[in-house]
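1. sequence and computational prediction follow.
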Amino acid sequence: MSDLGTTSTAGGPLLEVTDLVKHFPIKSGLLIDREVDQVRAVDGISFSVNKGETLGLVGESGSGKSTACRAVLQLLKPTSGSVKFDGQEIAGKGRRELRPLRREMQMIFQDPYASLNPRKRIGQIVGDQLKIQKVASGKELRTRVEGLLERVGLSPEHYNRFPHEFSGGQRQRIGIARALALGPKLVFCDEPVSALDVSIQAQIVNLLDDLQDEMGLTYVFVAHDIGVVRHISDRIAVMNKGKIVETGDADQVCENPRDAYTKKLLAAVPIADPRESAARRRERATAG
Amino acid sequence: MSATPESASVSAIVGGGPLLAVDGLRVGFATEDGRVQAVDGVDFQLEPGEVLAIVGESGSGKSVTAQTIIGLTRSPNSHIEGSVRLNGEELTTQSESELQKVRGSQIAMIFQDPMTSMNPVFTVGSQIIEAIRAHDTSTSRKESRARAIELLEAVGIPDAAGRVDAYPHEFSGGMRQRAMIAMGLALEPSVLIADEPTTALDVTIQAQILDLIQDLNKSRGLATILITHDLGVVAEVADRVLVMYGGKVVERGTLEDIFYDPQHPYTWGLLGSLTRIDQPRPHRLPQISGAPPSLLNLPQGCAFRPRCPHEFAKCKEVPGLDARLSGDPNHRDRCWLEPDQKRKLREVEPGRIGLEEPT
């Protein structure tokens, strides 16, 4: 794939993934588990993300996009392949070695209900990592957390509240504040809006856009909704069955898809225009 | 497909009036924090062969409306007013055992999550057979089994005869939703209520399920109530649309009315915030500011007022669901603005409808 590193946006690649593989063993046996087969969740993918750009990763459930993210972040140990962050190889490094890197790479999760500890206060959820990484403590910690809350559109008074007091959209804002607390360079957004109401989705997408401009963030944006991915991404990679089947400029992939799977995916996206979708249905009927 | 035409859908036509008529439906729940009026005055009629979409966000009352139709919201803390008539027969006052006969045989419902709506310890076939025999004990096991296979075939499950003995976990999400639809159709109901039937599915599977619903709708005259938050799905299958907000219908009209001549600012906002892959992308995604209101604490007057950039003095009074466009009594909305003003305000960019210009 030669078109990977050749975009005009900003400097060199911040993240370079080469031939990343993550297989899960299928084990069977009475006393001793023997490996009988493998699930090839991520089956040799390569991509790079430049500083300040957004790479969209689309695919259906089971295509391996979430596993790919986790393997890149070393939350799952990759089976093989290389992951270079800022020129530094991180695949296969131990927990301790990875700890300083956790400041640089963060993740926003899909489910704002499950990804926040219900027994912790908002201030703790957002501030804990600042403590763990010994970045701030005491009064300074509180000021920083309050600043973050304001930045994502919450109010500093929310510091002592619990997650259950917030709506889905607000919880996702808390998740974003947590991800940004350590001032990361790269943020993985794993389906950050798919659990939210339609009118709230746009708010969160716009917030992510603003934060990227303000803080010079680089995003890997994972979603199954190709419309949202196209809106936020500079480039899109389409995944199917553990492999990247097409990569390219966001508009180009959506307007002139080259791969058969991408075409199928795009054709299935409902178009919110009755006349258009009726025309498309007629086309489908005559074609098939 | 084996449509037996003597089923309930025909008796509806014989009876005259609409197949399903909902009038002044109000559903309230007593909670620790006070009464929540989840549904506050919903009226609609459904004819055979029609797809009615109910659109709204979480807390808009769309699911409670659907569940109340088949009596699923009855409980000591709920308070139901208004009427639901199926072929002229009142359902809200029927006893639980009378309702049991209506559920499944006349009105079927399929749910959002095909992963949790089936019993994991029984085969898919046995669950369909159970549905058939629960209503008609005279059907033998053998006959019901043949019927189950036939139904699975009708909803497009490959190798239905082999799959009938499979357990739910052996089915993919799309196949499970098809099996749920098969179960719903087992007793040839005249009305299908589909509550977010494709939300948990991938887009390619979603397209197949929507095609299936539309097929059944055409070939069997199955009247469908489709509950969704996705206007893309609505555009694909619906004939008429109700837009709900804060427990009330804020706009209702035909598919064309809602998409090409929307009258309520909330509808504009929903249309505006869609990402369209067939159009150039806007610099910023138009958003609706704020959050849906809490039903415990609805704003005075129009419920959308706090989020609406076009609010004016009159909005402190609750607007009725009236026909405000001359010459179209069926396109109704709850917004005080004049139709001419609306036409100007909603066009945020030439040819693009939205709530306000994106900032």
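-> Yep, that arrived.

2. and A:Gly12, how many neighbours?
-> Using other CB atoms under 10 Å in any protein chain shown, A:Gly12 has 11 other residues around it. C-beta: built from backbone N, CA, C; applies to glycine.

3. wait, it touches A:Asn50, no?
-> Yes - between A:Gly12 and A:Asn50 there is a contact under CB atoms under 8 Å: 6.7 Å.

4. name the residues of the stretch 1-150 of chain A found near chain B, please.
-> A:Glu60, A:Ser61 (CB under 8 Å from any CB of the partner chain).

5. shaky segments in the stretch 1-150 of chain A?
-> A:1-11 (pLDDT under 70).

6. and B:Arg307, what's its pLDDT?
-> Looking at B:Arg307, its pLDDT reads 94.

7. okay, strands next: where are they in chain A?
-> Taking DSSP state E to define them, one finds strands in chain A at A:13-28, A:34-50, A:54-58, A:80-85, A:88-89, A:105-108, A:186-190, A:218-223, A:235-240, A:243-249.

8. want to throw the ones you listed into JSON lines with mean neighbour count and distance to B:Met115?
-> As requested, those are exported to JSON lines (neighbours: other CB atoms under 10 Å in any protein chain shown; distance: least, CB to CB, whole Å):
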{"stretch": "strand A:13-28", "mean neighbour count": "17", "distance to B:Met115": "21"}
{"stretch": "strand A:34-50", "mean neighbour count": "18", "distance to B:Met115": "19"}
{"stretch": "strand A:54-58", "mean neighbour count": "26", "distance to B:Met115": "22"}
{"stretch": "strand A:80-85", "mean neighbour count": "17", "distance to B:Met115": "32"}
{"stretch": "strand A:88-89", "mean neighbour count": "10", "distance to B:Met115": "39"}
{"stretch": "strand A:105-108", "mean neighbour count": "23", "distance to B:Met115": "24"}
{"stretch": "strand A:186-190", "mean neighbour count": "24", "distance to B:Met115": "20"}
{"stretch": "strand A:218-223", "mean neighbour count": "25", "distance to B:Met115": "20"}
{"stretch": "strand A:235-240", "mean neighbour count": "24", "distance to B:Met115": "22"}
{"stretch": "strand A:243-249", "mean neighbour count": "20", "distance to B:Met115": "26"}
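
9. reformat those strands as TSV; add distance to A:Arg144.
-> Conversion of the strands of chain A to TSV gives the following (distance: least, CB to CB, whole Å):
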stretch	distance to A:Arg144
strand A:13-28	24
strand A:34-50	27
strand A:54-58	26
strand A:80-85	24
strand A:88-89	27
strand A:105-108	15
strand A:186-190	18
strand A:218-223	22
strand A:235-240	33
strand A:243-249	37
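
10. tell me which of the ones you listed sits nearest to B:Gly56.
-> For these, proximity to B:Gly56 was assessed by CB to CB; strand A:218-223 is nearest, at 22.8 Å.

11. contact residues of the stretch 151-288 of chain A facing chain B?
-> So the stretch 151-288 of chain A meets chain B at A:167-170, A:197-203, A:205-206, A:209, A:224-228, A:230-231, A:251, A:254, A:264-274, A:276-277, A:281 (CB under 8 Å from any CB).

12. so which strand or helix has the closest residue to A:Pro270 other than its chain neighbours?
-> Ranked by CB to CB, 6 or more residues apart in numbering or on different chains and with sequence neighbours excluded, the top spatial neighbour of A:Pro270 is B:Gly232, at 3.2 Å. Using DSSP states H and E, B:Gly232 sits within helix B:231-237.

13. strands along the stretch 151-300 of chain B, start to end?
-> In the stretch 151-300 of chain B, the strands defined using DSSP state E, counting those that start in this stretch lie at B:191-195, B:223-228, B:240-245, B:248-254.

14. picking up where we left off before, among the strands of chain A, which is nearest B:Pro306?
-> strand A:105-108 (27.7 Å).

15. which strands or helices does that closest one pack on?
-> With contacts defined as 3 or more CB pairs under 8 Å, 6 or more residues apart in numbering or on different chains; DSSP states H and E, strand A:105-108 has these neighbours: helix A:168-180, strand A:186-190.

16. using CSV, list the CA coordinates for the first one.
-> By that I understand helix A:168-180. Output in CSV follows, covering the C-alpha atoms of helix A:168-180 (Å, rounded to 0.1, in the frame of the first residue of the first chain):
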residue,chain,number,x,y,z
GLY,A,168,-25.3,9.5,27.9
GLY,A,169,-23.9,12.6,26.1
GLN,A,170,-22.5,14.1,29.3
ARG,A,171,-20.9,10.8,30.3
GLN,A,172,-19.2,10.6,27.0
ARG,A,173,-17.8,14.1,27.7
ILE,A,174,-16.5,12.7,31.0
GLY,A,175,-14.8,9.9,29.0
ILE,A,176,-13.3,12.5,26.7
ALA,A,177,-12.0,14.6,29.6
ARG,A,178,-10.4,11.4,31.1
ALA,A,179,-8.7,10.6,27.8
LEU,A,180,-7.3,14.1,27.5
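
17. how much does it deviate in direction from strand A:186-190?
-> Helix A:168-180 and strand A:186-190 meet at an angle of 150 degrees, taking axes from the mean of the first three to the mean of the last three CA atoms, to 10 degrees as the criterion.

18. return the set of buried residues in helix A:168-180.
-> A:168-180 (16 or more other CB atoms under 10 Å in any protein chain shown).

19. just give me the closest of those residues to chain B.
-> For the buried residues of helix A:168-180, the closest approach to chain B (CB to the nearest CB) belongs to A:Gly169, at 6.1 Å.

20. my read: that closest one touches A:Ile200, true?
-> Yes - at 3.8 Å, A:Gly169 counts as touching A:Ile200 under the criterion of CB under 8 Å.

21. and for those two, which residues touch both?
-> Residues touching both A:Gly169 and A:Ile200 (CB atoms under 8 Å, 6 or more residues apart in numbering or on different chains): B:Ala291.

22. residues of the stretch 251-359 of chain B that sit close to chain A?
-> Near chain A, the residues belonging to the stretch 251-359 of chain B are B:255-256, B:259, B:269-271, B:273-278, B:280-282, B:284-289, B:291-292 when assessed by CB under 8 Å from any CB.

23. let's see it at 6 Å
-> B:255, B:259, B:273-275, B:277-278, B:281, B:284-285, B:287-288, B:291 (CB under 6 Å from any CB of the partner chain).

24. neighbour count and pLDDT for the residues you listed - can I get that in JSON lines?
-> Below are those laid out as JSON lines (neighbours: other CB atoms under 10 Å in any protein chain shown; pLDDT from 0 to 100):
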{"residue": "B:Leu255", "neighbour count": "20", "pLDDT": "96"}
{"residue": "B:Phe259", "neighbour count": "22", "pLDDT": "96"}
{"residue": "B:Ser273", "neighbour count": "22", "pLDDT": "86"}
{"residue": "B:Leu274", "neighbour count": "23", "pLDDT": "86"}
{"residue": "B:Thr275", "neighbour count": "22", "pLDDT": "85"}
{"residue": "B:Ile277", "neighbour count": "20", "pLDDT": "84"}
{"residue": "B:Asp278", "neighbour count": "15", "pLDDT": "82"}
{"residue": "B:Arg281", "neighbour count": "17", "pLDDT": "84"}
{"residue": "B:Arg284", "neighbour count": "15", "pLDDT": "86"}
{"residue": "B:Leu285", "neighbour count": "22", "pLDDT": "87"}
{"residue": "B:Gln287", "neighbour count": "23", "pLDDT": "87"}
{"residue": "B:Ile288", "neighbour count": "27", "pLDDT": "91"}
{"residue": "B:Ala291", "neighbour count": "19", "pLDDT": "86"}
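
25. tell me what the nearest residue to A:Val229 once chain neighbours are set aside is bridged to.
-> Once flanking residues are discounted, A:Val229 sits nearest to A:Gly56: 3.8 Å by CB to CB, 6+ apart. A:Gly56 forms beta bridges with A:Phe221, A:Ile236, as assigned by DSSP bridges.

26. what's stretch B:98-115 in contact with?
-> The contact list for stretch B:98-115 (CB atoms under 6 Å, 6 or more residues apart in numbering or on different chains) reads B:8, B:70-71, B:117, B:131, B:135, B:173, B:176-177, B:180-181, B:184, B:187, B:189-197, B:199-200.
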